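S.K.: Quick one, what's the 3D model for this:
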Amino acid sequence: ALIVLPEGSPLTAEEVSAAVRDTPAHVVTGAGALVNASGVLTPGAEPCPIHPLPWGRLAIIAGEDARHPEEFRLAALADADVVAVPYTAREPWELRLGLLERAAENRLNVVVAGQDGPDGVAGLILAAPRDFTLWTAWEGPFTGRISHPEVTAVKNSDEVVHAVVRPEQAVNRHVSRGTDLVDGRPWRLAGALLGQEG
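M.R.: You can find the predicted model right below:
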């Protein structure tokens, strides 16, 4: 029940709220506002706030902020499960490598929505995989990739794309015994990211 509109969408928050009337859907507008049937919940993207929703914890990273790896790390440190990203990539590497790595290195579900992206790709839906931890049995065969998200590409010509993301999978960040993708780092070094002195 999450809808992410592309960056630059002309729909106003009020129009979006009216469109999802009588539904449990939450919508992230092209400007980064969070809206539901009751109205505007947040007016626009702020520095990585976390929104507790019935299905998980949502962060919003809008526009050019999506180019910065630190934004996704902050979302992970704040225990986000899903990150909505209204953003149109400017370079092919952002969709082929950059945003996939942000999802993988932080164990996040990431939903990217843009318009007229490079190489015909407007966005991505990146779902955290079920197979992850190295000391438990995997559902599928081991492919050599530990944290690669399941990718649904959104083409420039697509009007609506559906995919399943797994907020519950973002909770498990223990790749192996004693190794957490996010935790277990020297916190004094992370102070600069959080705006605190070491």
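
S.K.: Show me where this structure has its helices.
M.R.: With DSSP state H as the criterion, the chain has helices at 13-19, 69-77, 92-93, 99-106, 187-190.

S.K.: if you average pLDDT over each of those helices, which comes out lowest?
M.R.: Here these differ in mean pLDDT, and the lowest is helix 187-190 at a mean of 60.

S.K.: could I get the helices of the chain as CSV with distance to residue 148 and mean neighbour count?
M.R.: Just so you know, the C-beta spots here come from the backbone N, C-alpha and C atoms, and that holds for glycine as well. Listed next are those as CSV, based on distance: least, Cβ to Cβ, whole Å; neighbours: other Cβ atoms under 10 Å:
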stretch, distance to residue 148, mean neighbour count
helix 13-19, 32, 16
helix 69-77, 15, 20
helix 92-93, 16, 12
helix 99-106, 6, 21
helix 187-190, 25, 12
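
S.K.: Can you convert these into TSV and add a column each for distance to residue 139?
M.R.: Below are the helices of the chain laid out as TSV (distance: least, Cβ to Cβ, whole Å):
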stretch	distance to residue 139
helix 13-19	37
helix 69-77	24
helix 92-93	31
helix 99-106	18
helix 187-190	33
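
S.K.: Quick check: which of those helices is nearest to residue 7?
M.R.: helix 99-106 (13.2 Å; Cβ to Cβ).

S.K.: Quick one: work out the angle between that closest one and helix 69-77.
M.R.: Helix 99-106 and helix 69-77 are oriented at 40 degrees to each other (axes from the mean of the first three to the mean of the last three Cα atoms, to 10 degrees).

S.K.: Just checking the distance from helix 99-106 to the centre of its chain.
M.R.: 9 Å (Cα atoms, centre = their mean, to the nearest Å).

S.K.: Now do it: which elements does it pack against?
M.R.: helix 69-77, strand 109-113, strand 121-127 (3 or more Cβ pairs under 8 Å, 6 or more residues apart in numbering; DSSP states H and E).

S.K.: Please list the residues outside the shortest one that contact it.
M.R.: Spelled out, it's strand 109-113. Applying Cβ atoms under 8 Å, 6 or more residues apart in numbering, the external contacts of strand 109-113 come out as 2, 4-7, 30, 66, 72, 81-87, 89, 95, 99, 102-103, 122-128, 149, 154, 165-167, 169-170.

S.K.: now the strands: where do they sit in the protein?
M.R.: Along the chain, the segments classed as strands by DSSP state E run 2-4, 26-28, 34-36, 39-42, 50-53, 56-60, 82-86, 109-113, 121-127, 150-155, 174-176, 179-180.

S.K.: Alright, that wraps it up for me.
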